[in-house]
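> structural data only, the sequence is not supplied:
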């Protein structure tokens, strides 16, 4: 890593705290420790030192110091950590001192992890898992991110790639020794069986990826219905705060309002939408209703709300396909039953709310599928696997005996998987992936 700049950043959160952790990575890490804290402590041993400015010896802080020599570090470079008192004044002063060293600068977002990737400490799928882990808000998101970060997905992808390499070696060997008996016919059937099995595995992974992506971004649940059927009241009740304006006047909600909710570990984005009705002459309300239809069409789950005091609200609007139908304001008509199968809830009395949340939770967990961990979860990953599948299908369409062409297709399929984990040809993706990290990571 000779010639690379040394970088530093806070790895703990910004603002006042008991302790703040400042990380340093690069060739000047050891000399920085020596300049500020005296001789380096033994590797990977926590030592308490007084940090002093190198220009005049002024005490900056009494801090914990850890010296981490390469290559057994997160970045693969020499690293150091200063565990300082977490005041903004201490951190700012230390930042100014470190910036005064030649070849030392503040890290860019994700630069520590990017250096770890470049130095082989983790592959690209694991890095994306780490990014998702840092952004995780719920237990299900954490589990999915950890599966990728700890190499679970990469191990499966590497198994696929090794299978392709084995088939490729068989095909290339037959091409080299094609004169020897019926080797070509036996080898042709063998690689075709392996390719079809691999396609089946990868197609299942792609099918599972859509649910995994929903888990990453949050499952979108849309409340739809006629005006004044309690959509905003239900959103406020679930959010446990006044998010949406509630009024007896129809058409109060003109635009969508979103709330992020943790529902049994699954992230859910609840969306309150403008009420749907015929005959509105209000241009703003009509724009809001157009958005309602669009959101309902894009949602993972649509809940249609109706109430007996709004005539005709039990009739689902044309083009809306609800997954659940719920009667609201049950407190206005207690004990009413007319044989229609519907949930009954009241945000005022609380009637039916627990059962509604349980049913909503069951729908959500069924949609994301919380069983087997997903292998691929991002659009970039999906594209790479689909490209590998296309090459394999091309290989299967080659006529018997066209092993040179088969070899080229198998090589393309293996290359796509190598690109997935970052083994080759990923420079175009790196800025996008690592820019999403926080600065100290």
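Looks like it came in fine. No experiment lies behind these values; they were computed from the predicted model shown.
> got the buried residues for stretch 363-380?
By 16 or more other C-beta atoms under 10 Å, the buried positions in stretch 363-380 come out as 363-365, 367-368, 370, 373-378, 380. In this view, the C-beta of every residue, glycine as well, is placed from N, C-alpha and C.
> quick one: contacts of that stretch?
128, 132, 140, 143-144, 147-148, 152-153, 156-157, 205-206, 208-209, 211-216, 219, 221, 263-266, 268, 300-301, 323-324, 382, 385, 420, 429, 433 (C-beta atoms under 8 Å, 6 or more residues apart in numbering).
> just the buried members of the residues you listed?
In the contacts of stretch 363-380, the ones that pass as buried (16+ other C-beta under 10 Å) are 128, 132, 140, 144, 147-148, 152-153, 156-157, 205-206, 208-209, 211-216, 219, 221, 263-266, 268, 300-301, 324, 382, 385, 420, 433.
> wait, residue 194 touches residue 167, no?
Yes: Residue 194 lies in contact with residue 167 (C-beta atoms under 8 Å); the separation is 5.1 Å.
> who has more neighbours out of the two?
Neighbour count, other C-beta atoms under 10 Å: between residue 194 and residue 167, residue 167 has more, with 25 against 17.
> so how far is residue 216 from that one?
The gap separating residue 167 from residue 216 is 33 Å, by C-beta to C-beta, to the nearest Å.
> just residue 173 next, same as before
Going from residue 173 to residue 216 by C-beta to C-beta gives 42 Å.
> re the thing from before, identify those among the buried ones among the contacts of stretch 363-380 that sit within strands.
219, 221, 263, 266, 268, 301, 324 (DSSP state E).
> redo those residues as CSV? Include distance to residue 38 and pLDDT.
As requested, these are arranged in CSV below (distance: C-beta to C-beta, whole Å; pLDDT from 0 to 100):
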residue, distance to residue 38, pLDDT
219, 54, 87
221, 58, 91
263, 53, 83
266, 51, 85
268, 53, 87
301, 60, 89
324, 66, 90
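> and the two most separated of those?
Spanning the widest gap among those are 266 and 324, at 15.9 Å by C-beta to C-beta.
> tell me which element residue 417 falls in.
For residue 417, the host element (DSSP states H and E) is helix 403-421.
> mind listing what's buried in that helix?
Going by neighbour count (16+ other C-beta under 10 Å), the buried part of helix 403-421 is 403, 406-421.
> any idea of the mean pLDDT for that helix?
Confidence for helix 403-421, expressed as mean pLDDT, is 91.
> go on, stretch 123-143?
If you average the pLDDT over stretch 123-143, you get 89.
> and it, how far apart are its ends?
Length of stretch 123-143, first residue to last, C-alpha to C-alpha, to the nearest Å: 19 Å.
> what's the spacing between residue 145 and residue 113?
Separation of residue 145 from residue 113 (C-beta to C-beta): 14 Å.
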